[in-house]
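Asks: Sequence plus the predicted model coming up.
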Amino acid sequence: MEKPMLVFQTDFTYKEGAVCAMYGVVKSVDRSLEIIDGTHELPQYDTWSASYRLYQSMKFWPKGTIFVSVVDPGVGTSRKACVAYTNDGYYIVTPDNGTLTHIKKFVGIKEVREIDETINRLHGKDTEEVAIFHGRDLFGYCAARLASGIITYQQVGKEYNVDEIVCHEIYDPVITDTQVEGIFEINDPNFGNLWTNIPLASFFDAGFKYGDMIETIIYHLDKEVYHDTILFHKSFGMAKKGDVMIYNNELKKIAMAVSVGNLCKEHNLDFGPDYKVVFKRK
Amino acid sequence: MEKPMLVFQTDFTYKEGAVCAMYGVVKSVDRSLEIIDGTHELPQYDTWSASYRLYQSMKFWPKGTIFVSVVDPGVGTSRKACVAYTNDGYYIVTPDNGTLTHIKKFVGIKEVREIDETINRLHGKDTEEVAIFHGRDLFGYCAARLASGIITYQQVGKEYNVDEIVCHEIYDPVITDTQVEGIFEINDPNFGNLWTNIPLASFFDAGFKYGDMIETIIYHLDKEVYHDTILFHKSFGMAKKGDVMIYNNELKKIAMAVSVGNLCKEHNLDFGPDYKVVFKRK
Amino acid sequence: MEKPMLVFQTDFTYKEGAVCAMYGVVKSVDRSLEIIDGTHELPQYDTWSASYRLYQSMKFWPKGTIFVSVVDPGVGTSRKACVAYTNDGYYIVTPDNGTLTHIKKFVGIKEVREIDETINRLHGKDTEEVAIFHGRDLFGYCAARLASGIITYQQVGKEYNVDEIVCHEIYDPVITDTQVEGIFEINDPNFGNLWTNIPLASFFDAGFKYGDMIETIIYHLDKEVYHDTILFHKSFGMAKKGDVMIYNNELKKIAMAVSVGNLCKEHNLDFGPDYKVVFKRK
């Protein structure tokens, strides 16, 4: 049977040698393993973003693919290191620190095991006393052993209760007779778009349709920071260049953008539960 | 026969999950395909840069390689999605939005086909209603099918006239008895160098030679923003550290740099037809 | 015998086509070669950082791996282009410009050969007159030929004396009865941590132990810029969020960080011999 691929996401950067060292460990376990660069330079220490990026990309990969997520502000403390097995057949090697939030809620986790450091941690190379680089010494190494077939999933370590997995709070949108209210739950850091937690289906159910002009208010810590009536459409290109608009994003959630622009920068906005967005129903 | 490699260039970033999702689609079509990260984080929406980067790198790859270029400000609108086949034997999967400008002019395109979305678009994974991520749902998917041999080039979709390909204007240098005049047509964003549209051969023809000190004037919107007499040589190392100099770049065009410095930042310059550069003949 | 992998580190960026062109050359020499992205966007022209990143990551790779390091401010000048063979069995293809400093001192170089441009430089593709892109035309091409078995190590070019290798000065820590004094020899640009040149073992020998509160003074050009008594521990998580702390880094050297923060940015610090750090013994 073909060995699964390893898809990495980290809050490391290519600008220094950490990714390189981590991949070297993988290739030293088994030269034939295929390493994929998923997402790097996630916002540092941001386990919410780590969780969201897994949710955004995982389902597009072949079943059995092993994801290694290393956003690990608690490295070297008592937080668990684990490998989760999802309901749809993927493995996620990660600190148990909130990174599994979205996959647990929207996909489901069938089984989770704590990595046994006594057998699945790198030895030698002068790494024994190092406590701050589990991406290299634990997660990458353990994932490579699993992918290579050196260990079975059971040999990762002891199973624990899926209910014990550490999760962030997920906010649900609130739909009333007069409005649809959500938060910006994540951004697109490249284009400066903001993605709400409101599913496209809910937006349609509330009566909105492509082509509508929708009164939109954004609050930051309850202070109004944006208020305008803007176009809702399928894609950026339907709006005039430079206009703020509402669109259906790649995960079928309602999102906002500046057409051929950058909403976050031009309007000084960001994501997180402090940002509330309200779309007024007519 | 060996399957061609897929070389990607996008204006996406590794900092979020889009690249990861796109590559997952490719690997789900055919696990054995080889994905190469070409160029990412191109200036957003900049189809001129996309075109230039293809021109800069394509010829160094084995014939038959498939390039996937996703700089797509018009995603979801009526702009064509296409696969071009070049005179020198490469495939380019791209929106037809100016990205083919340089390859069409300097290499030539033998044939171009519009991607038939009814057969070459991803289905399932909850993507049907998504209009804004053709990198994942159309270009990546179609390119993977082509590379894998699932479809032939003819099965991409209907051929259309190469003359219909959308192209940017390309500016030619102007050589007179007294000067050589060009524009900065692109930059090196990493080192802050600026590349003109003046071929080395034309510069030599005009009588300049390595070692010359050349009076150089830069205009921005016809206002003089730089004026000095500077060294023309083969490489940065021939100039004094910190000096502005003229050199022969990797594509044999005349370029300007600060030796061990950053011309764009230090002199507040950029590329585009608004920037005119004049080299005075003696 | 399996062909060695090629691990690249450069001060180039993915944001333009240079990496892509360089990899194309490799794949045109031998399609089957495995290219690994090690470290990119190293600080431009910084051969010290190049040297450090090799030292940081090389030992984790399988023996025989070929590293290609392209930080090359002297490209096109008389600096040597070489391939070094290390005491522990790796190859490094690099300009001989200080990039071999740490590997030479801490690992040892068994043999070094100057690349013979008459046989190991790319021909054709209109590259002959180009003097400024040895990553593409010389280092990448020569490394690919070596990895592929087209040339032996001896056929790289003439051997020269290991003692002639260009090296930066390496500063040693100074330990006295009252203090341990070092420099910040490198940073972690992603998390803003600073790594000293003081080995963990020396720190322990000086009597410090995990859990200690240590009086710490940082000087920039002999001016005191930081002075506080801070925690020394195994990992960031042992300090209070936002606190400056001392820890044991991934290479078992003493380092400083802000827990879940960014020391460099928050305290306006950087690395280099101008920065001296003093830890006071009780």
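Replies: Structure received.
Asks: looking at it, residue A:260 is touching residue A:236, isn't it?
Replies: Yes - under the criterion of Cβ atoms under 8 Å, residue A:260 makes contact with residue A:236 at 6.8 Å. C-beta: built from backbone N, CA, C; applies to glycine.
Asks: what's the overlap in contacts for these two?
Replies: Common neighbours of residue A:260 and residue A:236 are listed as residue B:73 (criterion: Cβ atoms under 8 Å, 6 or more residues apart in numbering or on different chains).
Asks: Between the two, tell me which one has more neighbours.
Replies: Just comparing residue A:260 and residue A:236: by other Cβ atoms under 10 Å in any protein chain shown the higher neighbour count belongs to residue A:236, 26 against 17.
Asks: ok, and the closest non-adjacent residue to residue A:231?
Replies: Using Cβ to Cβ, 6 or more residues apart in numbering or on different chains and skipping the chain neighbours, the partner closest in space to residue A:231 is residue A:245 (4.7 Å).
Asks: Could you pull up the residues touching the one you found?
Replies: A:230-233, A:236, A:238-239, A:256-259.
Asks: go with 7 Å
Replies: A:230-231, A:233, A:236, A:239, A:257, A:259 (Cβ atoms under 7 Å, 6 or more residues apart in numbering or on different chains).
Asks: Taking the stretch 51-200 of chain A, what residue is nearest to chain B?
Replies: Taking Cβ to the nearest Cβ, chain B has its nearest neighbour within the stretch 51-200 of chain A at residue A:60, 3.2 Å off.
Asks: The residue nearest to that residue when sequence neighbours are not counted sits in which helix or strand?
Replies: Leaving aside its chain neighbours, residue A:60 sits nearest to residue B:24 (3.2 Å; criterion: Cβ to Cβ, 6+ apart). Assigned by DSSP states H and E, residue B:24 falls within helix B:18-29.
Asks: Can you name every helix or strand that that helix contacts?
Replies: Packing partners of helix B:18-29 (3 or more Cβ pairs under 7 Å, 6 or more residues apart in numbering or on different chains; DSSP states H and E): strand A:35-39, helix A:47-57, helix B:140-148.
Asks: Tell me which of these sits nearest to residue C:54.
Replies: Of all those, strand A:35-39 sits nearest to residue C:54, with 19.4 Å by Cβ to Cβ.
Asks: and the angle for that closest one with helix B:18-29?
Replies: Note on geometry: by axes from the mean of the first three to the mean of the last three Cα atoms, to 10 degrees, strand A:35-39 and helix B:18-29 are set 140 degrees apart in direction.
Asks: Need the residues that contact strand A:35-39.
Replies: With Cβ under 7 Å, 6+ apart as the test, strand A:35-39 has contacts from A:5-9, A:23, A:26, A:53, A:57, B:14-17, B:20, B:23, B:37, C:37.
Asks: Residue A:159: neighbour count?
Replies: Neighbours of residue A:159 (other Cβ under 10 Å): 14.
Asks: related to what we said a few turns ago, how far away is the residue nearest to residue A:60 from chain C?
Replies: Separation of residue B:24 from chain C (Cβ to the nearest Cβ, to the nearest Å): 18 Å.
Asks: Quick check: that residue vs residue A:46, distance?
Replies: 22 Å (Cβ to Cβ, to the nearest Å).
Asks: Who has more neighbours out of these two?
Replies: Between residue B:24 and residue A:46, counting by other Cβ under 10 Å, residue B:24 is the more crowded of the two (25 against 16).
Asks: Tabulate the helices and strands packed on helix B:18-29 in TSV, adding columns for mean pLDDT and mean neighbour count.
Replies: Listed next are the helices and strands packed on helix B:18-29 as TSV, based on pLDDT from 0 to 100; neighbours: other Cβ atoms under 10 Å in any protein chain shown:
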stretch	mean pLDDT	mean neighbour count
strand A:35-39	96	23
helix A:47-57	98	25
helix B:140-148	98	26
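Asks: Let's have the ones you listed in CSV, adding distance to residue C:166.
Replies: Output for those, formatted as CSV (distance: least, Cβ to Cβ, whole Å):
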stretch, distance to residue C:166
strand A:35-39, 32
helix A:47-57, 42
helix B:140-148, 44
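Asks: Close to chain B: what parts of the stretch 51-200 of chain A are there?
Replies: Within the stretch 51-200 of chain A, the positions adjacent to chain B are A:53, A:56-57, A:59-62, A:188-191, A:200 by Cβ under 7 Å from any Cβ of the partner chain.
Asks: Identify, from those, the entry nearest to chain C.
Replies: Nearest member of these to chain C, counting by Cβ to the nearest Cβ, is residue A:190, at 11.8 Å.
Asks: how many other residues sit next to that closest one?
Replies: Neighbour number of residue A:190 under other Cβ under 10 Å is 19.
Asks: Do I have it right that it meets residue B:10?
Replies: No - at 9.3 Å, residue A:190 does not count as touching residue B:10 under the criterion of Cβ atoms under 7 Å.
Asks: So the residue nearest to residue A:60 versus residue B:72, what's the distance?
Replies: Relative to residue B:72, and taking Cβ to Cβ, residue B:24 is found at 19 Å.
Asks: quick one: contacts for residue A:246?
Replies: Residue A:246 touches A:214, A:216, A:230-232, A:254, A:256, counting by Cβ under 7 Å, 6+ apart.
Asks: could you pull out the strands for the stretch 51-200 of chain A?
Replies: A:66-70, A:81-86, A:91-95, A:109-114, A:159-160, A:174-175, A:179-188, A:193-199 (DSSP state E, counting those that start in this stretch).
Asks: As PDB, could you dump the C-alpha coordinates of the first one?
Replies: As requested, the backbone C-alpha atoms of strand A:66-70 are provided in PDB (Å, rounded to 0.1, in the frame of the first residue of the first chain):
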ATOM      1  CA  ILE A  66      -1.500  12.800   7.500                       C
ATOM      2  CA  PHE A  67      -1.600  16.500   8.500                       C
ATOM      3  CA  VAL A  68       1.100  17.800  10.800                       C
ATOM      4  CA  SER A  69       0.100  21.100  12.500                       C
ATOM      5  CA  VAL A  70       2.700  22.900  14.600                       C
END
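Asks: Direction included, what does it pair up with?
Replies: strand A:6-10 (parallel), strand A:91-95 (parallel) (DSSP bridges).
Asks: returning to what we had before: got the angle for the helix holding residue B:24 vs strand A:179-188?
Replies: 80 degrees.
Asks: same question for helix B:18-29, mean pLDDT?
Replies: The average pLDDT within helix B:18-29 is 98.
Asks: Could you list the low-pLDDT ranges of the stretch 51-200 of chain A?
Replies: Counting by pLDDT under 70, the stretch 51-200 of chain A contains no low-confidence segment.
Asks: What's the local residue count around the closest residue to chain C within it?
Replies: Going by Cβ to the nearest Cβ, chain C is nearest to residue A:76 of the stretch 51-200 of chain A, at 2.6 Å. Applying other Cβ under 10 Å, we find 19 residues neighbouring residue A:76.
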